[in-house]
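A.B. asks: the sequence isn't on hand, but the structure is:
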Ligand code: ATP
C-alpha cells in the first residue's frame, strides 16, 4: 500500500511575542494561515526500518529530518508499528518561516498512523507532534487558527476571506532559534496593514541579514501590505489589485530571489488535500 498527501506551508497573519519564558521558549500570540505551497509525502511499508528519500539535498534525510523524528516518535509510542519507506518532495523552502518541516512532520504522523493502522486519532497525534516542534499542532487544524503558548496551543478560527498572495523567497534562510535569541521586548514590529501584521519578530529577522531590508523595501514599493513570514527569510504580501505583471517586475528587481504567486487555503480544502479529513472521520 502506498499513501500520499500534500504538506502545506503556513504563514502568520500576525505574530506577537509576549515574552521569554523560564523554559527558554517564548510566549507568543499568533494567527496562522495555510497557503497553497506544498511538499508531497509518500509512504509505503518496508520491513523494520525508516528509510527517507528527500528531493532537496540541502535538507538532511537522516534522524535530523522532522519526518524521521516523527516516525521514530510513533514507533516509540507504538512498539508494534512496522517500518516505512518515505519519499519527501520538498517545494517549501527551509528556514523561510513557512513551517515546512513542521508540516511534513504532521502529515508524516497522519500517513504513518494510517499505514500502520495504529489506534490513534488526530488529537493524540498532535500531542506527539508538539514534542517535535511548536508549529506542528497547527497542521492538525489548518485554515486560519490562533496559536498561543509557544504556538502549540491551537484554536481554529473561522477561515479568513480567501486572498491572493505574493511570496518572496530570498536565496538564503534564517534560523528560528537565532531570531528568537535576538528578539527584545521593545523591538518595533512590522506595521499592520489590511491583511498582515504586526509581526514582533520583524526587527530581529531584518537585523540578521542586511539583504533582508533590501528585499523588504523592494516588495513594499509594489505591495504595501507585506510582512516578514513568521521567523524566517520569506516575505509575504497581499496581492490586492496587482497582477502577474507586478510580480514579474518585482522578480526582475530581485535577481536570485524567487517570487511566487499563491493564495490562502481554507480549512475544508486543507482537510481534503492533507488527508486530515480521513482521520477526522474515523
Ligand atoms: P518555522 O516557520 O516553523 O520556523 P521554517 O520555515 O523557518 O519554519 P523549517 O523549514 O520548518 O523552518 O525548518 C528549517 C530547519 O529544520 C532546517 O535547519 C532544516 O534542515 C531542518 N529540517 C528538518 N526536517 C526538515 C524538513 N522535513 N523540511 C525542511 N527542513 C527540515
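C.D. replies: Here it is on my side, so go on. This one's a predicted model, so the numbers in the text were calculated from it and none came from an experiment.

A.B. asks: wait, residue 30 touches residue 16, no?
C.D. replies: Yes - using CB atoms under 8 Å, residue 30 is in contact with residue 16, at 6.9 Å. Any C-beta I mention is one placed from the backbone N, CA and C, and that applies to glycine too.

A.B. asks: quick one, which of these two is more surrounded?
C.D. replies: Counted by other CB atoms under 10 Å, residue 30 and residue 16 do not tie: residue 30 has more neighbours, with 24 against 15.

A.B. asks: helix or strand: which one has residue 102?
C.D. replies: Using DSSP states H and E, residue 102 falls within helix 100-115.

A.B. asks: for that helix, packing partners?
C.D. replies: Applying 3 or more CB pairs under 8 Å, 6 or more residues apart in numbering; DSSP states H and E, we find helix 100-115 packed against strand 2-20, strand 26-46, helix 66-77, strand 83-89, helix 122-132, helix 276-281.

A.B. asks: among those, which is nearest the ligand?
C.D. replies: Nearest to the ligand, of all these, is helix 66-77, at 3.8 Å by CB to the nearest ligand atom.

A.B. asks: give me the contact status of the helix or strand where residue 52 lies with the ligand.
C.D. replies: Assigned by DSSP H and E, residue 52 belongs to strand 50-54. No - if you take CB under 6 Å from any ligand atom as the test, strand 50-54 misses the ligand, and the best it gets is 7.0 Å.

A.B. asks: any idea how many residues pack against the residue of the stretch 51-200 of the chain found nearest the ligand?
C.D. replies: Of all residues in the stretch 51-200 of the chain, residue 101 sits closest to the ligand, at 2.9 Å by CB to the nearest ligand atom. Using other CB under 10 Å, residue 101 has 26 other residues around it.

A.B. asks: excluding its backbone neighbours, what's nearest it?
C.D. replies: residue 66 (4.4 Å; CB to CB, 6 or more residues apart in numbering).

A.B. asks: about what we covered before: adjacent strands (with direction) for the strand holding residue 52?
C.D. replies: Partners of strand 50-54 in the sheet, by DSSP bridges, are strand 83-89 (parallel).

A.B. asks: so which residues make contact with the strand it pairs with?
C.D. replies: By CB atoms under 8 Å, 6 or more residues apart in numbering, the residues outside strand 83-89 that reach it are 39-55, 61, 65, 67-68, 71, 104, 108, 112, 115-116.

A.B. asks: just the buried ones from the residues you listed?
C.D. replies: 39-41, 43, 50, 52, 54, 61, 65, 67-68, 71, 104, 108, 112, 115-116 (16 or more other CB atoms under 10 Å).

A.B. asks: what about stretch 76-96 and the ligand, touching?
C.D. replies: Yes - using CB under 6 Å from any ligand atom, stretch 76-96 reaches the ligand at 94-96.

A.B. asks: what about that stretch, distance to the chain center?
C.D. replies: Centre-to-centre, stretch 76-96 and its host chain are 15 Å apart (CA atoms, centre = their mean, to the nearest Å).
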